[in-house]
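Student: Sequence plus predicted model, see below.
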Amino acid sequence: MPAEGSGPLADVAPEPGVAKPDPILVVDGVTRRFGGLSAVDVDHLEVQRGLITALIGPNGAGKTTFFNVVTGFDGANSGRWTFDGRSVGGMAAHKVARLGMVRTFQLTKALAKLSVIENMKLGAVGQRGEGFLSALVPTLWRVQEREIEARADSLLERFSLGHMRGEYAGSLSGGQRKLLEMARALMAEPALVMLDEPMAGVNPALTQSLLEHVKALRDEEHRTVVFVEHDMDVVYDISDWVVVMANGRIIAEGTPTAIGANKDVIDAYLGTHHDAPLSEAEEERVLAEIEAVIAKESASD
Amino acid sequence: MDWGGIFENTLRAAIAKDAIVFALAAIGLNVHFGYTGLLNFGQAGFVALGAYGTAITVDYYGQSLWLGVLATIASAVVFALLLGVPTLRLRTDYLAIVTIAASEGLRLLLRSVTLGDFTGGSTGLSGFAGDFYSINPLPGGRYGFGPFRYSSDTWWMLTVGWTLVLLATLLVWALMRSPWGRVLKSIREDENAARSLGKNVYYYKMQSLVLGGVIGALGGFVNAVATRSVQPDNYGTAITFFAYTALILGGTARIWGPVVGAMLFWVVISFTEGVLREAIGNEVIPSSFMSTTQVGQVRFMLVGLGLALLMIFRPQGIFGDRRELALDAR
Ligand SMILES: Nc1ncnc2c1ncn2[C@@H]1O[C@H](COP(=O)(O)OP(=O)(O)OP(=O)(O)O)[C@@H](O)[C@H]1O
Ligand SMILES: [Mg+2]
């Protein structure tokens, strides 16, 4: 858990809609209704550039819908939002992606009948061979294709998928597909990556290295990451800032420590999950209890 | 029974005009359905436009054959745009509905009395193929080898037709190994994934619809010059479904799938027809049970049965990869 008082957002007040020093994504008055249900109703939200922001909230809170709306996959009923200073509200999804805001999907979208490496190569943007006429002249795109392939291979290694490069993506396991989708999104070299539950279904042994990758995105590649996650340990571990959603609204935001101590959040969300990490005092108390039990049992033997 | 005659006919069917026409129609569908996942049920419309594009330009407007070919290509492009603009942003099933309706509507339009001056109504047109055969560079007379003995003009038609098939195949091969083809395949697999990676899905679908439509229209051109006539009722929806059959028979998303599928389709049709006719003629099948006039229908029933068996024992087609089918079930 990051120590209180450190980090670029240490001085930012932990309240919903608070302004950030250098926001890459600014959302204003965005609503999305399904019939009578207000799935997203965000008054104001800023995402700080170069940091990892976690978006948490109970099932059905509107996290995925929020992702869909800001990335152009779903239309908003109202609202404006800017990415990197440009208004992107109402923009087609592929244009948003080209600007550098790339998302992954909660339900993974591996391109089943393409090989893993082809999946990866698809992710690169600005490919000369993707034009109809230039496609017919391989000399125009061969060199670029080789560069893309080299980059794809090194990413696959990082995501422990190197040995699967020639396999159909459809033959990967659920967790491997998650990894592939994330790696594929990175092929686009996005300034902002939006990951919808990237760790869901991934083997815990791999989760740790995946978390390291996400941290590396921030620390080495200076990308901004927004991710949806239900596992609070993961949230506390890697995020610089946490945004809490419930019933479509942002009910709290702040540093992980501030959120962990926020009573509204505990009531709305954490309380129902019981997976908030124990404070140090609590941990010691629990350990003492366990030790006492063990001591008793060994004495009675 | 004259087995020799049956086998000769069967061999001829493998390279005959119908194999060319359906190979081109199926190559087009392979681009649409096999590579992009577009459900075009109106390929017959593209084939019809291909035939009429040349026929009307040459016969009605008195223009050259080259302008006719240009009109064939242009009309397919326009038809693709008309079909694609309203539907390609919607779910795939909309394209299926619109294309099947449009191709039938087009056929009715072509045979309508109102357009009779241009199209010849239900009798069609026939005075346009002269230019095609007047540029035939092959020596005159009748020649060939084995069962393949044709007139000079037929050899010319077969040469042009199979050249078009080879060129279309080469084009599809070159495109599908390129990054452009990769985008098409990604759209077939999941268009939202393609979108999330910055690909303009609508634009690619449109390109695919145009390309496959133009290739199908070339099939119509071959049909028109080979039969030296166009008639609207030769361009019913059966063309679309036979072309799909050929494609699936050969294997979708395989370069040679549609070509080999179309050849095989007509081989099987010709063989069953030959056997049935001989069997009836020699009283092997009693004429009280089936007459020669029923052979036309019965052969398609048998082909249907054959297809059902194929789907059970080799669902991936001849060139397909069974592993790919297994992926769909996951
Ligand atoms: N296409 C849709 N049509 C109707 N209702 C929808 C649609 N998509 C989402 N909803 C509703 O909007 C609400 C928010 O759903 P959303 O998927 O955004 O939640 P979430 O926070 O991502 O939940 P989870 O943690 O379970 O993924 C839910 O009540 C859901 O039923
Ligand atoms: Mg969700």
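Tutor: Yep, it's here. Ligands and ions are numbered 1, 2, ... in the order given.
Student: downstream neighbour of the helix or strand hosting B:Gly306 in the secondary structure list?
Tutor: Following DSSP states H and E, the helix or strand that holds B:Gly306 is helix B:295-313. Per DSSP H and E, the first helix or strand lying C-terminal to helix B:295-313 is helix B:322-328.
Student: which of the residues in that following helix are buried?
Tutor: B:324, B:327 (16 or more other Cβ atoms under 10 Å in any protein chain shown). C-beta: built from backbone N, CA, C; applies to glycine.
Student: Run the chain-centre distance for that helix.
Tutor: 26 Å (Cα atoms, centre = their mean, to the nearest Å).
Student: Residues contacting that helix, please?
Tutor: Residues outside helix B:322-328 that contact it (Cβ atoms under 8 Å, 6 or more residues apart in numbering or on different chains): A:112-113, A:168, A:170-171, B:315-316.
Student: Pick out the most distant pair among those.
Tutor: Across the contacts of helix B:322-328, the longest distance by Cβ to Cβ is 18.0 Å; it joins A:Ser171 and B:Pro315.
Student: just for the stretch 1-150 of chain A, where's the confidence low?
Tutor: Across the stretch 1-150 of chain A, the ranges flagged by pLDDT under 70 are A:1-6.
Student: Let's see that with 50 instead.
Tutor: Regions of the stretch 1-150 of chain A meeting the criterion pLDDT under 50 cover residues A:1-5.
Student: returning to what we had before: just give me the closest of the contacts of helix B:322-328 to ligand 1.
Tutor: A:Ala112 (22.5 Å; Cβ to the nearest ligand atom).
Student: Which of the contacts of helix B:322-328 are buried, as a PyMOL select command?
Tutor: Selecting only the buried entries of those in PyMOL, with 16+ other Cβ under 10 Å as the criterion:
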select buried, (chain A and resi 112+113+168+170+171) or (chain B and resi 316)
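Student: Of the contacts of helix B:322-328, which is the nearest to ligand 2?
Tutor: Closest approach to ligand 2 among the contacts of helix B:322-328 (Cβ to the ion): A:Ala112, at 21.9 Å.
Student: Cross-check the contact I'm expecting between that closest one and A:Leu172.
Tutor: No - judged on Cβ atoms under 8 Å, A:Ala112 makes no contact with A:Leu172 at a distance of 9.0 Å.
Student: C-alpha coordinates for the strand or helix carrying A:Val27, PDB please?
Tutor: Taking DSSP H and E as the definition, A:Val27 sits inside strand A:23-34. Extracted C-alpha coordinates of strand A:23-34, given in PDB (Å, rounded to 0.1, in the frame of the first residue of the first chain):
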ATOM      1  CA  PRO A  23      -5.800  15.000 -16.600                       C
ATOM      2  CA  ILE A  24      -5.600  12.900 -19.800                       C
ATOM      3  CA  LEU A  25      -9.300  12.100 -19.700                       C
ATOM      4  CA  VAL A  26     -12.000  14.600 -18.600                       C
ATOM      5  CA  VAL A  27     -15.600  13.500 -18.400                       C
ATOM      6  CA  ASP A  28     -18.500  15.900 -17.900                       C
ATOM      7  CA  GLY A  29     -22.100  15.100 -17.200                       C
ATOM      8  CA  VAL A  30     -22.100  11.700 -19.000                       C
ATOM      9  CA  THR A  31     -25.300   9.700 -18.700                       C
ATOM     10  CA  ARG A  32     -26.300   6.400 -20.300                       C
ATOM     11  CA  ARG A  33     -29.800   5.000 -19.600                       C
ATOM     12  CA  PHE A  34     -31.300   1.700 -20.500                       C
END
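Student: Which other helices and strands does it contact?
Tutor: Judged by 3 or more Cβ pairs under 8 Å, 6 or more residues apart in numbering or on different chains; DSSP states H and E, strand A:23-34 is in contact with strand A:37-48, helix A:63-70, strand A:78-83, strand A:224-228.
Student: Please enumerate residues in contact with that strand?
Tutor: By Cβ under 8 Å, 6+ apart, strand A:23-34 touches A:38-50, A:62, A:65-66, A:68-70, A:74-84, A:101, A:191-192, A:224, A:226, A:248.
Student: where exactly do the helices run in the stretch 51-200 of chain A?
Tutor: A:63-70, A:93-99, A:116-122, A:132-135, A:142-158, A:174-187 (DSSP state H, counting those that start in this stretch).
Student: Name the residues that touch the second one?
Tutor: Residues from elsewhere that reach helix A:93-99 (Cβ under 8 Å, 6+ apart): A:71-73, A:83-84, A:86, A:88, A:103, A:125, A:188, A:190, B:192, B:194-201.
Student: What about those residues, which are in strands?
Tutor: Among those, the members falling in strands (DSSP state E) are A:83, A:86, A:103.
Student: could I get those as a markdown table with distance to chain B?
Tutor: Output for the ones in strands among the contacts of helix A:93-99, formatted as a markdown table (distance: Cβ to the nearest Cβ, whole Å):
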| residue | distance to chain B |
| --- | --- |
| A:Phe83 | 14 |
| A:Arg86 | 15 |
| A:Arg103 | 6 |
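Student: I'd like the helices and strands packed on strand A:23-34 as TSV, with distance to B:Arg322 appended.
Tutor: Converted to TSV, those look like this (distance: least, Cβ to Cβ, whole Å):
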stretch	distance to B:Arg322
strand A:37-48	42
helix A:63-70	35
strand A:78-83	44
strand A:224-228	37
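Student: Quick check: residues of chain B near ligand 2?
Tutor: Residues of chain B lying close to ligand 2 by Cβ under 5 Å from the ion: none are found.
Student: Mind naming the longest helix for chain B?
Tutor: Determined from DSSP state H, the single longest helix within chain B is helix B:201-227.
Student: Can you spell out which helices and strands pack onto that one?
Tutor: Partner elements for helix B:201-227 (3+ Cβ pairs under 8 Å, 6+ apart): helix B:17-29, helix B:43-55, helix B:65-87, helix B:152-176, helix B:179-189, helix B:191-196.
Student: out of those helices, which comes closest to B:Asp233?
Tutor: The nearest among those, by Cβ to Cβ, is helix B:43-55 at 10.2 Å.
Student: so what's A:Arg158 closest to, chain neighbours aside?
Tutor: Spatial nearest neighbour of A:Arg158, excluding adjacent residues (Cβ to Cβ, 6 or more residues apart in numbering or on different chains): A:His213 at 6.3 Å.
Student: what sits up against whatever helix or strand that neighbour lives in?
Tutor: Following DSSP H and E, one finds A:His213 within helix A:204-219. Outside helix A:204-219, the residues that touch it by Cβ under 8 Å, 6+ apart are A:50-52, A:158-160, A:175, A:179, A:182, A:186, A:193, A:195, A:198-199, A:202, A:223-225, A:227, A:234, A:237-238, A:240.
Student: same thing but 7 Å
Tutor: A:50-52, A:158, A:160, A:175, A:193, A:198-199, A:202, A:223, A:225, A:234, A:237-238 (Cβ atoms under 7 Å, 6 or more residues apart in numbering or on different chains).
Student: Now the next helix or strand after the longest helix of chain B: average pLDDT?
Tutor: Next in sequence after helix B:201-227, counting helices and strands by DSSP H and E, comes helix B:238-250. The average pLDDT within helix B:238-250 is 92.
Student: List the buried residues of helix B:238-250.
Tutor: Across helix B:238-250, burial judged by 16+ other Cβ under 10 Å covers B:239-240, B:242-250.
Student: how much distance is there from the next helix-or-strand element following it to the middle of the chain?
Tutor: Once the chain leaves helix B:238-250, the next helix or strand it forms, by DSSP H and E, is helix B:257-281. Relative to the centre of its chain, helix B:257-281 is centred 16 Å away, using Cα atoms, centre = their mean.
Student: No more questions from me, cheers.
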